[in-house]
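Visitor: below are the sequence and a predicted model; questions follow.
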Amino acid sequence: MTSITSLYQQHKRLATDDPEHFWSQQANKLAWYQKPTSILKKLDDHHYQWFSDGVMNTCYMALDHQIEQGRGNQTALIYDSPVTGQTKKYSYLQLWDQVALFAGVLKANGLEKGDRVVIYMPMIPEAAIAMLAVARLGAVHSVVFGGFSSHELAMRIDDATPKLVISASCGIEINRIIAYKPLLDEALQKASHKVQCSIVYQRARQPCDLVAGRDLDWQQQMLLAEPAACVPVLATDPLYILYTSGTTGKPKGVVRDNGGHAVALNYSMQAVYDTKPGDVFWAASDVGWVVGHSYIVYAPLLAGCTTVLYEGKPVFTPDASAFWRVCAEHKVNVLFAAPTAFRAIRKEDPQALLQTYDLSALKYIFMAGERLDPATYFWVVEKIGKPVIDHWWQTETGWPISANPAGLELMNAKAGSSTVPVPGFKVEILDESGLPVPANQQGYIALQLPLPPGCLSSIWGNDERFVDGYLSTFPGYYASGDGGYIDEDGYLFVMGRTDDVINVAGHRLSTGEMEQIVASHPAVAECCVIGIYEAIKGQQPLAMVLVKNGVDISESQLEAELVAMVRQEIGALACFKKAIIVQRLPKTRSGKILRKLLRQIATGSDYAVPSTIDDPACLPELAELMQQKDLIGTA
């Protein structure tokens, strides 16, 4: 794989053999009020603490310290909004001024260290300002994706019990305006927990009415504000709660601490993303997701970089060249987006409209959030001619578990692989008994405890759920919920959630592997493979396929060609015989295909429309199509 003397191997070996020394070195790169002397403390078989006696403030590290290092006039944040036609730049000094003032607004309205704040906002600079201001006061923010239903917002308010809520009058999309205030009003009415007040940023496109005695106008409050100083916190104090979907229907509030989070993110910016102060980093995500927390707001600022906050889409704002325009205009050095964004670009314009844009500043394209299929990987490599790095991580970990560590050693990529474990993560493939399996054998991906800094410390208000959900399946390990394998070179292949494995006549088969083959067909823009009922073999695979624009191929011809390809690559045992053309697939707003929902439709089960779905109208269409084709059934 690589020479034993490589920087990657040095970091990996030290992080494995002497984690306290390794992470002490990384912690020393940050500006603490009181540097930690207790690096790693074991509380019990399930719980560990990093840097427990360290005293700090994340906002201070991200803004004040950067100014002290002479970066005050450097651009800290670029707001690029094709949906409004606005672009705005904030220097570190300007961003500090807005954050300190808004922290003053929060302080004047009673916010104190340890209090919670729910933030329900679109992709505007004020969302990042609100997050940093809450952190400045030592309080805990919980960002809820802007536009989530009032029911989902109310559930999160009841779970986090915030002192106040921060919102905006509306969100702006390509062809519509989403009024946030009615959703907020309904959520506040539904929630059992009652907040002291809400602060609303009025957008010029659609201002809203405020409720007297409860709602405050952001802009008016800022005119009256006095800047607030940073409040010191312990490294183990919570920085934020971020809700992720749970199997019970009740959202899980992932808790992130201050110290481990800052150390891990700062390390990742150097080791994984190969950035240095002054570089322009663009994570094309949303602050409602973990990518937005880690790599729009916190990590780039902790590393002294310039971060891009983008209010738009990969396509239709105004066309499929939107990403390349942003990269060229702002001289982006590192671009990070989900594979679904590039599949959308490829579908709308396979030539990618690249000809008129100067991408010379762009060093890397990173992808995560879902499996990067080889077809998309090779297409982006061919079109862009830059290193494309697939990396894998989760809301729970907060930063990459495995990656091609560009800042340590750029290794030879393998399509379909997220390369190697990042130093600090001890990744193993286990069988159902919890025993390690040989190279190239698929199993359950597990992370040996203790997890490195930056990973979740618990589930908010429900530590039992944390232990039961993640730490009980394989004692001594965090169960990732994903399946895959490690090859003979130590490369990790994540094949999908463990419930994306189907059983065909006793053969356990990865739908991810089949998707990889189906996606390589030249007519296929995007696909999903699920298991459906089959009377003899129990299950058989079904491919749902989106065809590229302008491609003329019949469903029967495409099905025959895909059947031949899967038979060639996997064999007849896959029993791959069915492929249908669909117009759209159910996805979350972050671009993940909702495979569990498709499986429920295929079995005729009742299903709940999740709050995270981007286009719920596609569900009845797919159900009707599958019914027409006699694809719904159960044993």
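Guide: It's in. Residues are numbered from 1 along each chain as shown.

Visitor: center of this protein, which residue is that?
Guide: residue 291 (3.8 Å; Cα atoms, centre = their mean).

Visitor: give me the nearest residue to that residue, chain neighbours excluded.
Guide: residue 285 (3.8 Å; Cβ to Cβ, 6 or more residues apart in numbering). Using the backbone N, CA and C atoms, a C-beta is placed for each residue, glycine as well.

Visitor: contacting residues around that neighbour?
Guide: For residue 285, the contact set (Cβ atoms under 8 Å, 6 or more residues apart in numbering) comprises 291, 292, 295, 296, 336, 337, 338, 369, 590.

Visitor: for the fifth one, report the pLDDT, please.
Guide: For residue 336, the pLDDT comes out at 97.

Visitor: what's the answer for the fourth one, then?
Guide: If you check residue 296, the pLDDT there is 98.

Visitor: so who does it touch?
Guide: Each residue near residue 296 by Cβ under 8 Å, 6+ apart is listed here: 128, 283, 285, 287, 307, 308, 309.

Visitor: distance to residue 120 and pLDDT for the residues you listed - can I get that in JSON lines?
Guide: Shown next, in JSON lines, are those (distance: Cβ to Cβ, whole Å; pLDDT from 0 to 100):
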{"residue": "128", "distance to residue 120": "14", "pLDDT": "98"}
{"residue": "283", "distance to residue 120": "20", "pLDDT": "98"}
{"residue": "285", "distance to residue 120": "17", "pLDDT": "92"}
{"residue": "287", "distance to residue 120": "11", "pLDDT": "95"}
{"residue": "307", "distance to residue 120": "21", "pLDDT": "98"}
{"residue": "308", "distance to residue 120": "22", "pLDDT": "98"}
{"residue": "309", "distance to residue 120": "17", "pLDDT": "98"}
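
Visitor: can you flag which of these belong to strands?
Guide: 283, 307, 308, 309 (DSSP state E).

Visitor: top of those residues by number of neighbours, please.
Guide: Ranked by neighbour count (other Cβ atoms under 10 Å), the ones in strands among the contacts of residue 296 have residue 283 at the top, with 27 neighbours.

Visitor: report the beta-bridge partners for the residue lying closest to residue 384 once chain neighbours are set aside.
Guide: Distances taken as Cβ to Cβ, 6+ apart place residue 365 nearest to residue 384, at 6.3 Å, with adjacent residues excluded. Under DSSP bridges, the beta-bridge partners of residue 365 are residue 335, residue 388.

Visitor: circling back to that earlier point, with respect to residue 223, which of the contacts of residue 285 is nearest?
Guide: residue 296 (27.3 Å; Cβ to Cβ).

Visitor: show me what contacts the closest residue to that closest one other than its chain neighbours?
Guide: Leaving aside its sequence neighbours, residue 296 sits nearest to residue 283 (Cβ to Cβ, 6+ apart; 4.9 Å). Residue 283 is in contact with 291, 292, 294, 295, 296, 300, 307, 308, 336, 337, counting by Cβ under 8 Å, 6+ apart.

Visitor: hey, what's the nearest residue to residue 633 once chain neighbours are set aside bridged with?
Guide: Nearest residue to residue 633 in three dimensions, chain neighbours excluded: residue 533, at 4.0 Å (Cβ to Cβ, 6+ apart). Beta-bridge partners recorded for residue 533 (DSSP bridges): residue 539.
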